[in-house]
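**Q** take this sequence and fold it.
(chains A, B, C and D)
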Amino acid sequence: MFFSVFIVTFFTWLILTNSLEPSEVVIGLIVSIVVSTTFTRYYSIKFDWKLPVRILRFVFIYLPVFIWEMIKANLDVAVRVLNPSLPLNPGFVKVKTSLKGKNSKLALANSITLTPGTLTLDVKDEELYIHWVDVKATSEEQKQKHITTKFEKILKKIFE
Amino acid sequence: MRRFLSALIALGLIIILLEFLNLIPDFGNVDLSKRVSNSFINKSVDGNNETIEFKKSKDLEDGSANVVTSIVVNYRSFDTLGEVTVLFTAALGVGLILKGLRRKRFYREPNFILKTANGILLPLIFLFGAYIFIHGHLTPGGGFPGGTIIAAGILVLYLSNEKFELSHRAKILESGMGTVYVLFGLVGLILSGIFLRNFLPTGVIGELFSAGIVPLIYVAIGFKVGAELSNLISEFQKEGQQ
Amino acid sequence: MSIIGYLLIIIGAFFYFLGGLGMFRMPDVYNRLQAGTKATTLGSFSTLLGVGLVNPAFLGKALLIIAFIALTNPVGSSVLARAAYLKGVKPTSKTVVDEYADEATKKAGEEQ
Amino acid sequence: MSILSYLFFGLIGLGVILAFLRMILGPTSADRLAALDMLNIILTGTIAILALTFNNGLYLDIALVYGLLSFVETIVIARYLEAKK
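**A** Below you'll find the predicted structure:
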């Protein structure tokens, strides 16, 4: 836990200062150690030796799908907003997920928020509460197929 | 009656302010070359007028690249000591006023998404705060904004975690950092006879290790302001007595 | 490279405009958040990436801000939508299903 | 360059005006906060564009800190609304 936070903060420091001068690096090390030791209990960044594989999967499998879905989402918003009759069929639905980890659930919730027509309201245990602009289905399987399945598969590979 | 009195006091204040307006010279009639601010900006209070080059000029009178910082924590550091004291008094006042009030604690369960996202964001928020007050002499920023960002991190922690309670160490940190500020001043007094004199070498302008005691004082102010505002927030969150 | 950058900035500005339009036209707060969040997030991605491409010295910091916005913006709107629901803001009359109502009343019950 | 800047500042300006109208008209405080949140993110992007216009990297620091504080602001007001009935 401590080590993961240390690595993340140190790399962020290097990006922020945008230089490799020895003085900056030394101060960055000190700051990262201080930040990663204070309030350790409340942090949730944690990774293991499989991290490089996960990053590669994240960049090459998750990101293209995510960006494509996001562009689709925005075109969807554009079509709805620019249409004079404002086609809407909104509703609040409940969807089950099979992801277990905290961070993977957060990634799923954020992905759902940024993809076409859906906005995560709340997560409780294994259920996601979602506001859906265009409700197409009410049965559990259909909802999962429309909303979660696509990202669930990818995120399961990355996080679990 | 009370309203009449407050209106009277406000009127008096307005008249005093309007009187002071006469002391300000008219627009366009100021000779800037005679103003003291010019020598602050050129970093040449002792009349040593050489051109300053970024990352080249060495051992200047004040080595901080940010003009505001060089004025706030070097030329007018004593003012800043007063400002820090004002903030301390304000926090103390809030604590004293809120102590006897009957309040209920905020208790709705926080959102899962917020809780998890905060676990990732929190170290980064603290890192940004530290970045801002450590680079106070090179970039816009400094101890006060940096400390405020750290306190904002504590505020988000309070809102996203029901069990979080600020430890007693924050108060110790705050008073300790105040003492460090005064100690720097006293060392300057002993070494050169002037309170808060910049007694360390000022180095090359624009580098991280430059400007003498300015970054050290800004680090102290950053910790002090952060701890102080965090204490203020925890004071608002606590359940009242009775 | 810089032509692509400027193009991305223009696209980003267009999405900002779209977000504003969505915010203005949608009928209730949940639909407004949908339009606003999606459009401004993609707008920011595009604008910041454009800024990074036009001036490569800014690229690292621009990517940092992109990561930051990708994390905070959905979280912020999700927290806001939940707060609006729990406060009792009524969704528009076009709403077809509401499976969150039970959960919300349960939450209100726990407080007592 | 100048035509480009007219174009993008014009588009952003239109977006800001519409969001601002929603902030004034918004029937509930949640609507106003949603519009404010959106304005904050638009402003973050605008500060980044200003960094390009003035060719000064320091503006990106400001954009970062502004984004951070606007997130904190949204969270704080949202939690406040949640507790109030």
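
**Q** remind me which residues of chain D are low pLDDT?
**A** Applying pLDDT under 70 to chain D picks out residues D:1, D:84-85.

**Q** for it, which segments are assigned as helices?
**A** D:2-25, D:29-54, D:58-83 (DSSP state H).

**Q** these: which one's closest to chain A?
**A** Closest of those to chain A is helix D:58-83, at 7.9 Å (criterion: CB to the nearest CB). Quick note: C-beta positions are derived from backbone N, CA and C, even for glycine.

**Q** kindly provide the distance from B:Y181 to chain A.
**A** 19 Å (CB to the nearest CB, to the nearest Å).

**Q** off-centre distance for stretch A:41-55?
**A** Here stretch A:41-55 shows a centroid-to-chain-centroid distance of 14 Å under the convention CA atoms, centre = their mean, to the nearest Å.

**Q** pLDDT of it, averaged?
**A** Confidence for stretch A:41-55, expressed as mean pLDDT, is 76.

**Q** would you mind writing the CA trace of that stretch as CSV?
**A** Listed next in CSV are the C-alpha coordinates belonging to stretch A:41-55 (Å, rounded to 0.1, in the frame of the first residue of the first chain):
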residue,chain,number,x,y,z
ARG,A,41,-5.4,4.2,6.2
TYR,A,42,-7.6,6.2,4.0
TYR,A,43,-5.8,5.5,0.7
SER,A,44,-7.0,2.8,-1.7
ILE,A,45,-4.2,2.8,-4.4
LYS,A,46,-2.7,-0.7,-4.3
PHE,A,47,-1.0,-2.8,-7.0
ASP,A,48,1.3,-5.8,-7.3
TRP,A,49,4.0,-7.1,-9.6
LYS,A,50,1.5,-7.6,-12.4
LEU,A,51,1.2,-3.8,-12.9
PRO,A,52,3.0,-3.5,-16.3
VAL,A,53,0.7,-6.1,-17.8
ARG,A,54,-2.3,-4.3,-16.4
ILE,A,55,-1.2,-0.9,-17.8
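
**Q** mind giving me the domain ranges of chain A?
**A** In the domain annotation for chain A, the residue ranges read A:2-42, A:51-159 (automatic domain parsing).

**Q** pick out the residue nearest the middle of chain A.
**A** A:A107 (2.6 Å; CA atoms, centre = their mean).

**Q** which helices and strands sit right next to the helix or strand where that residue lies?
**A** Secondary structure assigned from DSSP states H and E places A:A107 in helix A:102-114. Packing partners of helix A:102-114 (3 or more CB pairs under 8 Å, 6 or more residues apart in numbering or on different chains; DSSP states H and E): helix A:63-82, strand A:118-124, strand A:127-132, helix A:149-159, helix B:112-134, helix C:29-54, helix C:59-87.

**Q** let's see it at 6 Å
**A** Applying 3 or more CB pairs under 6 Å, 6 or more residues apart in numbering or on different chains; DSSP states H and E, one finds that helix A:102-114 makes contact with strand A:118-124, helix A:149-159, helix B:112-134, helix C:59-87.

**Q** find the closest residue to chain C in chain B.
**A** Here chain B gets closest to chain C at one residue, B:A117, 4.4 Å apart by CB to the nearest CB.

**Q** so that residue versus C:V75, what's the distance?
**A** Distance of B:A117 to C:V75, given as CB to CB, to the nearest Å: 4 Å.

**Q** what does B:A170 give?
**A** Between B:A170 and C:V75 the computed distance is 26 Å (CB to CB).

**Q** of those two, who's got more company?
**A** Between B:A170 and C:V75, counted using other CB atoms under 10 Å in any protein chain shown, the more crowded position is C:V75 (26 against 16).

**Q** hmm, back to that, the helices and strands packed on helix A:102-114: lowest mean pLDDT?
**A** Lowest mean pLDDT of those: helix A:149-159, a mean of 78.

**Q** packing partners of it?
**A** The contact analysis (3+ CB pairs under 6 Å, 6+ apart) places helix A:149-159 against helix A:102-114.

**Q** okay, angle between the helix it packs on and helix C:29-54 too, please.
**A** Angle of helix A:102-114 versus helix C:29-54, following axes from the mean of the first three to the mean of the last three CA atoms, to 10 degrees, is 100 degrees.

**Q** what's the mean pLDDT across helix A:102-114?
**A** Computed over helix A:102-114, the mean pLDDT rounds to 82.

**Q** show me what it is in contact with.
**A** Helix A:102-114 has contacts (CB atoms under 6 Å, 6 or more residues apart in numbering or on different chains) with A:70, A:99, A:118-120, A:123, A:151, A:155, A:159, B:113, B:116-117, C:41, C:74, C:78.

**Q** go on, stretch C:56-69?
**A** Outside of stretch C:56-69, the residues within contact range by CB under 6 Å, 6+ apart are A:15, A:18, C:44-45, C:48, C:51-52, D:57, D:60, D:63-64, D:67.

**Q** for stretch C:28-44, same thing?
**A** Contact with stretch C:28-44 is made by A:70, A:73-74, A:77, A:114, A:119, A:131, A:133, C:12, C:15-16, C:18-19, C:22-23, C:26, C:69, C:73, C:77, C:81, C:84, C:89, C:91-92, D:30-31, D:34, D:38, D:41, D:45, as judged by CB under 6 Å, 6+ apart.

**Q** geometric centre of chain D: which residue is closest?
**A** The residue lying closest to the centre of chain D (CA atoms, centre = their mean) is D:N40, at 2.1 Å.

**Q** for the closest residue to that one other than its chain neighbours, give its distance to A:Q142.
**A** Spatial nearest neighbour of D:N40, excluding adjacent residues (CB to CB, 6 or more residues apart in numbering or on different chains): D:S70 at 3.5 Å. In this view, D:S70 and A:Q142 are 37 Å apart by CB to CB.

**Q** give me the more crowded residue out of those two.
**A** Comparing D:S70 with A:Q142 by other CB under 10 Å, the one with more neighbours is D:S70, at 20 against 11.

**Q** in the worst-scoring helix or strand of chain B on mean pLDDT, what's buried?
**A** Scoring the helices and strands of chain B by mean pLDDT, DSSP states H and E places helix B:36-41 at the bottom, with a mean of 75. By 16 or more other CB atoms under 10 Å in any protein chain shown, the buried positions in helix B:36-41 come out as B:39-40.

**Q** just stretch D:54-66 next, same as before
**A** By 16+ other CB under 10 Å, the buried positions in stretch D:54-66 come out as D:59-66.

**Q** ok, which stretches of chain B are helices?
**A** Taking DSSP H as the criterion, chain B carries its helices at B:2-21, B:36-41, B:67-70, B:77-99, B:112-134, B:143-160, B:169-192, B:214-237.

**Q** mean pLDDT for those: which is lowest?
**A** Least confident of these, judged by mean pLDDT, is helix B:36-41 with a mean of 75.

**Q** contact partners of it?
**A** Residues from elsewhere that reach helix B:36-41, judged by CB under 6 Å, 6+ apart: B:45, B:67, B:71, B:75.

**Q** please repeat the previous calculation with a cut-off of 10 Å.
**A** For helix B:36-41, the external contacting residues (CB atoms under 10 Å, 6 or more residues apart in numbering or on different chains) are B:32-33, B:35, B:44-49, B:61-62, B:67, B:70-71, B:74-76.

**Q** quick one: name the residues of chain B near chain A.
**A** Applying CB under 10 Å from any CB of the partner chain, one finds that chain B approaches chain A through B:109, B:111-132, B:134-135, B:138, B:153-154, B:157, B:160-161, B:163-164, B:167, B:169, B:207-210, B:215.

**Q** which of the residues you listed are buried?
**A** Buried among the residues of chain B next to chain A by 16+ other CB under 10 Å: B:111-132, B:134-135, B:138, B:153-154, B:157, B:160-161, B:164, B:207-210, B:215.

**Q** if we can go back for a sec, among the helices of chain B, which is nearest B:F199?
**A** Minimum separation from B:F199 across these (CB to CB) falls at helix B:169-192, 4.8 Å.

**Q** what residues sit buried inside that closest one?
**A** For helix B:169-192, the neighbour count (16+ other CB under 10 Å) marks B:170-171, B:173-174, B:177-178, B:180-181, B:184-185, B:188 as buried.

**Q** just want the angle from it to helix B:77-99.
**A** Interaxial angle, helix B:169-192 versus helix B:77-99 (the same axes, to 10 degrees): 160 degrees.
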